[in-house]
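Engineer: Provided below for reference: sequence and predicted model.
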There are 4 protein chains.
Amino acid sequence: MFRESQQREGFVPLYNIRTDLALEAKEIVQTHTAAEIPGVLSENLQEDGIAISRMQVQTEQAAQQLGKSVGRYLTLEAPGLRRKDARLQDRVSEVLARELLNFLELPSDLNQTVLVVGLGNWNVTPDSLGPKVIEDLLVTRHAVSGGQKILGEGFRSVCAISPGVLGTTGMETGEIISALVARVKPSLVIVIDALAARRLERLHTTIQVADSGISPGSGVGNNRLGINRQTVGVPVVAIGVPTVVDASTIASEAFDALAEYFKKDARGLALTNVLKDFDWERRRMLITQVLEPYAGGRLMVTPKETDAFIEDMAYVISGALNAALHPRVHSESSEKYLQ
Amino acid sequence: MFRESQQREGFVPLYNIRTDLALEAKEIVQTHTAAEIPGVLSENLQEDGIAISRMQVQTEQAAQQLGKSVGRYLTLEAPGLRRKDARLQDRVSEVLARELLNFLELPSDLNQTVLVVGLGNWNVTPDSLGPKVIEDLLVTRHAVSGGQKILGEGFRSVCAISPGVLGTTGMETGEIISALVARVKPSLVIVIDALAARRLERLHTTIQVADSGISPGSGVGNNRLGINRQTVGVPVVAIGVPTVVDASTIASEAFDALAEYFKKDARGLALTNVLKDFDWERRRMLITQVLEPYAGGRLMVTPKETDAFIEDMAYVISGALNAALHPRVHSESSEKYLQ
Amino acid sequence: MFRESQQREGFVPLYNIRTDLALEAKEIVQTHTAAEIPGVLSENLQEDGIAISRMQVQTEQAAQQLGKSVGRYLTLEAPGLRRKDARLQDRVSEVLARELLNFLELPSDLNQTVLVVGLGNWNVTPDSLGPKVIEDLLVTRHAVSGGQKILGEGFRSVCAISPGVLGTTGMETGEIISALVARVKPSLVIVIDALAARRLERLHTTIQVADSGISPGSGVGNNRLGINRQTVGVPVVAIGVPTVVDASTIASEAFDALAEYFKKDARGLALTNVLKDFDWERRRMLITQVLEPYAGGRLMVTPKETDAFIEDMAYVISGALNAALHPRVHSESSEKYLQ
Amino acid sequence: MFRESQQREGFVPLYNIRTDLALEAKEIVQTHTAAEIPGVLSENLQEDGIAISRMQVQTEQAAQQLGKSVGRYLTLEAPGLRRKDARLQDRVSEVLARELLNFLELPSDLNQTVLVVGLGNWNVTPDSLGPKVIEDLLVTRHAVSGGQKILGEGFRSVCAISPGVLGTTGMETGEIISALVARVKPSLVIVIDALAARRLERLHTTIQVADSGISPGSGVGNNRLGINRQTVGVPVVAIGVPTVVDASTIASEAFDALAEYFKKDARGLALTNVLKDFDWERRRMLITQVLEPYAGGRLMVTPKETDAFIEDMAYVISGALNAALHPRVHSESSEKYLQ
């Protein structure tokens, strides 16, 4: 019944913990190995309430260990985002715009089109990040490429779509993107998606940018085919925000606290020994039993205020994209050009 | 400034009245010519509060006269639909399902895919009919074609998308559809769109089905490229509901009433004579002057209750499509299979 | 069938033109009388793309002539608001905040509560202005009055509600407000409502503030009982934005253009004479006949882009109210405090 | 920091588990006492996929033990409701209508008004059940009481409101209801609210009806003042559906599975003994530590598909209420009368 852990997409292989964040995958592996992971480079900065992490997974072996593809991962964390702080939102948007400019390596020719795809389902709030970002994106291909130049100089050719999910379209998202790439011939595809995280405190406070695109099975809406350079034919950069946690992860965290607690407790020495034997797979099975009645152990949970958090993160990301893609748009004035 | 009337898409050429309904185009021409139009065949039925009209535009000349393409047009009118009559909604849905079965000439092989496209903009209520219909459509391609056969026998392979409009995607809707047709290779494309009508009483009470697809410039969201067999490569059937009236149409109708009124009035004999001279083009110019300050004479208006009417019509059409496309779905029980 | 014109609320009595704007009522009367109206004082300013009009209806006779109650009316017009100009939105918001501070005569004691009521129906877009403003309002009564003072100094006690409309509640809005006033004992009630205008170009570009509250029968949702100092027991200030035009108004404007046109046309002299006789009441009857099939002559129409315009105007008004009501909130930074 | 468990509203006192369902409170107490609870009567039926439970908390002592008020509790459970089974929805709606008729003891005089209040926040999906039910309610007071009798015989006087939550209104919901009761003088108040449950499988599948109204601190939106006969002055019946689970509950369930697991495991005998000592309060503290970073241990989680489930449950409840309140409405045809 249980698929082998190394096949479970979105899970850190050895530890069977669900996360789409490379940063968390690294944390999990390091917690248990207490060592640097060969083939993973990383650099961390603190800037004005925002933690910036730049990470490279350089070898296939490191990729296997983390359950994340080879590639570059940029992560911004700003815990304050959940406090509706409009100034912090603008600051994160600016920092993200700056980091995207470095990360994306955009062509200098503004007539080369960028296709932005909002993954996910409009009608499932925690899965609606992608469509919401697209809604506020400054789309210009019809004005720029057509030679109409209504907007004036300084705008890149950008087009965008929110194609929906397999269950509502009957088409894999990857199929739809490939079809559009064949027609529109963009030089870059950017996909926006809602992600799953391990830690509740990362929901709606963290943004991950990855040049490896979308792995099969990751994302909230579960895109079954990968969306990346191999499948689509042009570079694919994924921008994601965690909006759900696997219910089994919450339970798993409680086990960790239990183990930790017993360490300090004299009476619990024998207990700690038993728990040590109680390996990840058995732990996972137990948890699955608990949650089985609901959704076969794959229940995703989300804070009840998710509606407002999603709006805020869509605002941050669309603002950053508008500024990064269009030289003329400065992040503080981007809304002026929106229609 | 004013384009020549014969070039104005969606307008009945000689009379310069905006309508996407072939039925109204014919009415307008006949009001003024008081004769049958050569090359146009039509048949009308009354059935239980629903007026059914089947019309064929057979010659290029007739098409020019009406401002509608050569092809078949099916129109259902049920004025009662604006009274929130749930039973009438179900009845119209059933009649539409039956008529669609005749009209669509579906292949007997259920594995041949039908692609349904909801045109229009989610965020502009009178333009959201297409996306709303897609939302309630029974989409099966991923379950049927994949050999998974989860649903059992009797379901046709159906896929669907609401691609958005040019202003939000930067891509012509026709481009997106062509790209998907090249990839998915459906045997039929069905497009759903909101239309403009001449008469206010037809808004949200009328459904038009046409095998000529979508003409360039028609529809509420104004699709600039045509979407039809020529542009897309497979047969295209358009299903539409009028949701807006051109503001100039309202004014124009008032002029007609004025002329009519003066006919009966002794004092107004001279007046009638002058009005007779007052031809359509000058009338239109006058009206344009009136409405100029707002939107250059192309203001579309909609009843304020449009939100609820759109919901109802989307329910009627999605129900009819589910029943017509899937042998296993009977229109009265279609919702049972929805996810 | 037709009610006497002097009883038709929201109409300018003699001329039978529907408008909730005092400014337009004055325009209409002056167009026909070509003179100042006794008992009406007005002052007009231009400021940076915004036309400000301050008007006083001082006598019962003037009130009768205009079809507007005795009281003060402040009107802001900014045609640019329909172009999605974010800077103009902020500027209008600031000017409105400043004008409201003069207009409202707020008590210096911040513990005296202001009750803000969003009239209208969430589910009818052109009628949803009130609820949308309430959504972005900085509500503080529970934090200020309770002595909790979480927010710190400088916040007025503000509470707010969007009660819905008669058809969805079964209660007159005036009943609900009176009930809340009896319980909460505010020193001022502010009601926000969508209005009807005569001129299409005023939709979504004009804001009216009136200290006479809401007249019975005015507003889009048609509040049958008046909501004003007499009925509610405390001062009532109404803030409104026109979002619909009566369809008959559009037709009526076309008649005016016709009459104007014939003035210049030699052939049309006799015609002008007849039209002169063709008085307002007969004109209105004609128009009613035209629109009868739809909604008995009371059809309200709205631009199809009304969804986006409503959002913008709600943003402008809630920003201005937050700044005017709370000394600590400056209109440019008000969003920071929103939850 | 931690409030005493007996003061924590919505929690079963001794066991510190959060649930608003009397049925679950009883289950929890019985799991640990393995005996009938004195002062609690209950009766259970199975009917066509629906489990019906009728329970009476008869004594203050039983109320204390359960953490639920003295009163009658009716609970319907239909696990199939999460499978989008339209027929089951209709069946549950009919059974609920029938049970409500017995439970409500409505006055035979149809002119005595019933006030239905939809608690919760429109903009927080799992908290929007109340407003969604109100939206589909057949409201008649304005037509019935006014002597207008538009609807004909057989309709009870019903009015309704969705007042919003403390954070958006600045007024306690209880204040608003009391104000309206003083004005409208209904003979009964029905409140609709989203609830918290212990077990994930009960979310969106369970309906509770209680004649004790709403306890302070229960409900998703956390109504701080009670809403019941004592505070409001007329009988108050609460209808609720669980839509969230406290995150700590999920973790707690995992502990139970752990203990259960070790029972069967020879190695784990010592462990079981330690766990036995590990009492509820310490367990809760541990879990609180785990979830602290997120929301101080009071994080509510909800399935990601909650948007669709809420729609379905609102449909079931509004249908049942329309049928129970209005003799003329049979649950299968109720939608016909909706406006």
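Structural biologist: Looks like it arrived, so ask away.
Engineer: measure the residue nearest the centre of chain A to residue A:115 for me?
Structural biologist: For chain A, the residue sitting closest to the mean C-alpha position, by Cα atoms, centre = their mean, is residue A:240 at 2.8 Å. Using Cβ to Cβ, to the nearest Å, we find residue A:240 at a distance of 17 Å from residue A:115. The way it works is simple: take the backbone N, C-alpha and C, and place the C-beta from them, glycine included.
Engineer: which SS class is residue A:243?
Structural biologist: Counting by DSSP: H, G, I helix; E, B strand; the rest coil, the backbone at residue A:243 sits in strand.
Engineer: and it, how many neighbours?
Structural biologist: The number of residues packed near residue A:243 is 28, by other Cβ atoms under 10 Å in any protein chain shown.
Engineer: same question, residue A:139
Structural biologist: Using other Cβ under 10 Å: residue A:139 sits among 24 other residues.
Engineer: so it sits right up against residue B:167, yeah?
Structural biologist: Yes: between residue A:139 and residue B:167 there is a contact at 7.3 Å, judged by Cβ atoms under 8 Å.
Engineer: chain B contacts on the stretch 101-250 of chain A?
Structural biologist: A:122-123, A:134-135, A:139-143, A:157-164, A:166-172, A:175-176, A:178-180, A:182-184 (Cβ under 8 Å from any Cβ of the partner chain).
Engineer: give me the buried subset of those residues.
Structural biologist: For those, a burial check counting by 16 or more other Cβ atoms under 10 Å in any protein chain shown picks out A:122-123, A:134-135, A:139-143, A:157-164, A:166, A:168-172, A:175-176, A:178-180, A:183-184.
Engineer: from the residues of the stretch 101-250 of chain A next to chain B, which land in strands?
Structural biologist: A:158-161 (DSSP state E).
Engineer: now do the helices in the stretch 101-250 of chain A.
Structural biologist: Counting by DSSP state H, counting those that start in this stretch, the stretch 101-250 of chain A has helices at residues A:129-135, A:141-144, A:166-169, A:173-184, A:229-232, A:247-263.
Engineer: roughly how far does residue A:37 sit from residue C:226?
Structural biologist: From residue A:37 over to residue C:226 (counting by Cβ to Cβ), the distance is 73 Å.
Engineer: what is the neighbour count of the residue in the stretch 51-200 of chain A positioned nearest to chain D?
Structural biologist: Residue nearest to chain D within the stretch 51-200 of chain A (Cβ to the nearest Cβ): residue A:200, separated by 3.9 Å. Applying other Cβ under 10 Å, we find 23 residues neighbouring residue A:200.
Engineer: can you check the one 5 residues further on too?
Structural biologist: Per other Cβ under 10 Å, the neighbour tally for residue A:205 reads 22.
Engineer: what of residue A:35?
Structural biologist: So residue A:35, with other Cβ under 10 Å, has 8 neighbours.
Engineer: so it, which of the three states?
Structural biologist: coil.
Engineer: if I look at it, how far off is residue A:65?
Structural biologist: Taken as Cβ to Cβ, the span from residue A:35 to residue A:65 is 11 Å.
Engineer: mutual contacts of these two, please.
Structural biologist: Counting by Cβ atoms under 8 Å, 6 or more residues apart in numbering or on different chains, residue A:35 and residue A:65 have no contacts in common.
Engineer: residues near residue A:111, how many?
Structural biologist: 12.
Engineer: may I have the phi/psi pair for the nearest residue in space to it that is not next to it in sequence?
Structural biologist: Closest residue in space to residue A:111, ignoring its immediate chain neighbours: residue A:157 at 5.5 Å, by Cβ to Cβ, 6 or more residues apart in numbering or on different chains. Main-chain dihedrals, residue A:157, degrees, to the nearest 10: phi -70, psi 110.
Engineer: residue contacts, residue A:157?
Structural biologist: A:110-114, A:140-141, A:144-145, B:170.
Engineer: likewise for residue A:73?
Structural biologist: Counting by Cβ under 8 Å, 6+ apart, residue A:73 has contacts A:22-23, A:53-57, A:208-210, A:212.
Engineer: strands of chain A, residue ranges please.
Structural biologist: Using DSSP E, strands in chain A cover A:11-12, A:17-18, A:40-47, A:50-57, A:71-77, A:114-118, A:158-161, A:188-197, A:206-210, A:236-246, A:300-303.
Engineer: ranking these by mean pLDDT, which is last?
Structural biologist: Lowest mean pLDDT within the strands of chain A: strand A:11-12, a mean of 76.
Engineer: isn't residue A:160 right next to residue A:132, touching?
Structural biologist: No: if you go by Cβ under 8 Å, residue A:160 and residue A:132 don't touch, sitting 12.0 Å apart.
Engineer: which residues do these two both contact?
Structural biologist: Going by Cβ under 8 Å, 6+ apart, residues that sit against residue A:160 and also against residue A:132 are residue A:118.
Engineer: so where is the stretch 151-300 of chain A shaky, pLDDT-wise?
Structural biologist: In the predicted model, the stretch 151-300 of chain A carries pLDDT under 70 at residues A:151, A:216-224, A:254-298.
Engineer: at 80 instead, please
Structural biologist: A:151-152, A:215-225, A:247-300 (pLDDT under 80).
Engineer: now the stretch 1-150 of chain A
Structural biologist: A:1-17, A:32, A:34-35, A:84, A:144-150.
Engineer: by proximity to chain B, which residue of it wins?
Structural biologist: residue A:141 (3.4 Å).
Engineer: spatially nearest residue to that residue, not counting backbone neighbours?
Structural biologist: In space, residue A:141 is closest to residue B:170, 3.4 Å off (Cβ to Cβ, 6+ apart).
Engineer: for the one you found, give me its contacts.
Structural biologist: Neighbours of residue B:170 in contact, by Cβ under 8 Å, 6+ apart: A:139-143, A:157-160.
Engineer: how about a cut-off of 7 Å?
Structural biologist: A:139-142, A:158-160 (Cβ atoms under 7 Å, 6 or more residues apart in numbering or on different chains).
Engineer: farthest pair within those?
Structural biologist: A:142 and A:160 (11.1 Å; Cβ to Cβ).
Engineer: I figured residue A:200 was touching residue D:299, is that so?
Structural biologist: Yes: using Cβ atoms under 7 Å, residue A:200 is in contact with residue D:299, at 6.5 Å.
Engineer: ok, how many other residues are close to residue A:239?
Structural biologist: Residue A:239 has 24 neighbours, counted by other Cβ under 10 Å.
Engineer: ok, what's across the strand from it?
Structural biologist: residue A:192, residue A:209 (DSSP bridges).
Engineer: ok, now how distant is it from residue A:191?
Structural biologist: 7 Å.
Engineer: one more: residue A:67?
Structural biologist: From residue A:67 to residue A:191 the distance is 19 Å (Cβ to Cβ).
Engineer: can you check residue A:157 too?
Structural biologist: 18 Å.
Engineer: and if you look at residue A:83?
Structural biologist: 28 Å.
Engineer: who's more crowded, these two?
Structural biologist: The neighbour comparison of residue A:83 against residue A:191 (other Cβ under 10 Å) goes to residue A:191, with 27 against 9.
Engineer: what does the stretch 51-200 of chain A have sitting close to chain D?
Structural biologist: By Cβ under 7 Å from any Cβ of the partner chain, the residues of the stretch 51-200 of chain A that approach chain D are A:123-127, A:200.
Engineer: 10 Å instead?
Structural biologist: Contacts of the stretch 51-200 of chain A with chain D, taken as Cβ under 10 Å from any Cβ of the partner chain, map to A:79, A:82, A:121-128, A:194, A:196, A:199-200.
Engineer: and those residues, which is closest to chain C?
Structural biologist: For these, the nearest to chain C is residue A:82 (11.5 Å; Cβ to the nearest Cβ).
Engineer: tell me which residues touch the closest one, please.
Structural biologist: A:88, A:201, A:203-205, A:303, A:305, A:308-309, A:312-313, D:294-295 (Cβ atoms under 10 Å, 6 or more residues apart in numbering or on different chains).
Engineer: give me the buried subset of these.
Structural biologist: Here, 16+ other Cβ under 10 Å leaves A:88, A:201, A:203-205, A:303, A:305, A:308-309, A:312-313, D:294 buried among the contacts of residue A:82.
Engineer: mind putting the residues you listed into a markdown table with distance to residue C:326?
Structural biologist: Conversion of the buried ones among the contacts of residue A:82 to a markdown table gives the following (distance: Cβ to Cβ, whole Å):
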| residue | distance to residue C:326 |
| --- | --- |
| A:88 | 21 |
| A:201 | 32 |
| A:203 | 31 |
| A:204 | 27 |
| A:205 | 28 |
| A:303 | 28 |
| A:305 | 24 |
| A:308 | 21 |
| A:309 | 25 |
| A:312 | 22 |
| A:313 | 27 |
| D:294 | 31 |
